[in-house]
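Student: Okay, structure incoming, though there's no sequence with it:
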């Protein structure tokens, strides 16, 4: 039997492939040598001109200090803005219901709840705002906005039952609150007392939003600080 000859076309293809691999390897070696040479030259130059490192380090330190100073200024300005935050009832009435939730979040931040956040939306399980006050208590707040203020429909007991069913179990609430720029139905107050919930109606909201007094000083029978319980 005679050996099967490899077609010339395939032989040429193999030779080209082998040559390409050799060229790639050569480029890799040359690139590595050049990189080592450049690094060596830079290190040698820096060893001779060490003062460049000192200057660069000083520039980096000054730049870092400047950025940190700007960050502190920004944080201070944000705290000042939060502390000066005030809302009048007509402003709150004019808000979209989602913006009303953000307004409640910002008021909680103003009062020292640095972690206050808006969580309302699809699948919120009855909670629109969650915050931890300076006494370590977790607040879970449901916001009920009425475009017509107290002229709109009253907040009813189903709204209370909805947030009560999830606030403590899912969100770990110490204080469960329903706040509205409108009014509550007559049955809400007895149910809230039974469920150990708190209500902030239009009058309470007005006092809180337009003044500097934190909400927990305006509501009755607020639990004591978490650390003392």
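Tutor: Looks like it arrived, so ask away. Computed from a prediction, not measured in an experiment: that's the story for all the values here. Numbering: from 1, shown residues only.

Student: In space, not sequence, find me the middle residue of this protein.
Tutor: Among the residues of the chain, the smallest C-alpha distance to the mean C-alpha position (C-alpha atoms, centre = their mean) belongs to residue 117, namely 7.3 Å.

Student: Any idea which helix or strand in this structure has the lowest mean pLDDT?
Tutor: helix 51-83 (a mean of 63; mean pLDDT, DSSP states H and E).

Student: Which element is encountered next along the chain beyond it?
Tutor: Elements were assigned by DSSP states H and E; along the chain past helix 51-83, the next helix or strand is helix 89-93.

Student: May I see the buried residues of that following helix?
Tutor: Neighbour counts over helix 89-93 (16 or more other C-beta atoms under 10 Å) mark 89, 92-93 as buried. C-betas here are computed from N, CA, C, even on glycine.

Student: Relative to the whole chain's centre, how far out is that helix?
Tutor: Distance of helix 89-93 from the chain centroid (C-alpha atoms, centre = their mean, to the nearest Å) equals 26 Å.

Student: Skip ahead from that helix and say which helix or strand is next.
Tutor: Downstream of helix 89-93 (by DSSP H and E), the next one is helix 97-110.

Student: Can you tell me what sits against that following helix?
Tutor: Applying C-beta atoms under 8 Å, 6 or more residues apart in numbering, the set of residues contacting helix 97-110 from outside is 82-83, 85, 87, 92, 95, 116-118, 120, 128-129, 131, 133, 139, 141, 143, 145, 179, 181, 208-209, 215.

Student: Please repeat the previous calculation with a cut-off of 7 Å.
Tutor: When contacts are taken as C-beta atoms under 7 Å, 6 or more residues apart in numbering, the neighbours of helix 97-110 outside the stretch itself are 82-83, 85, 87, 92, 95, 116-118, 120, 128-129, 131, 139, 141, 143, 145, 179, 208-209.

Student: Return the subset of those lying in strands.
Tutor: Using DSSP state E, the members of the contacts of helix 97-110 that fall in strands are 117-118, 129, 131, 139, 141, 143, 179.

Student: which ones are touching the closest residue to residue 115 other than its chain neighbours?
Tutor: Taking C-beta to C-beta, 6 or more residues apart in numbering, and ignoring the residues beside it in sequence, residue 115 has residue 132 as its nearest neighbour in space, at 5.3 Å. Residues near residue 132 by C-beta under 7 Å, 6+ apart: 113, 115, 138.

Student: what's across from residue 132 in the sheet?
Tutor: Applying DSSP bridges to residue 132 gives these bridge partners: residue 138.

Student: separation between it and residue 205?
Tutor: Computed as C-beta to C-beta, to the nearest Å, the residue 132 to residue 205 distance reads 21 Å.

Student: returning to that earlier point: mind checking which of the ones in strands among the contacts of helix 97-110 are buried?
Tutor: Buried among these (16+ other C-beta under 10 Å): 118, 129, 131, 139, 141, 143, 179.

Student: State the pLDDT value of the residue nearest to residue 154 when sequence neighbours are not counted.
Tutor: Sequence neighbours aside, residue 185 is the residue nearest to residue 154 in space, at 4.3 Å (criterion: C-beta to C-beta, 6+ apart). On pLDDT, residue 185 comes in at 96.
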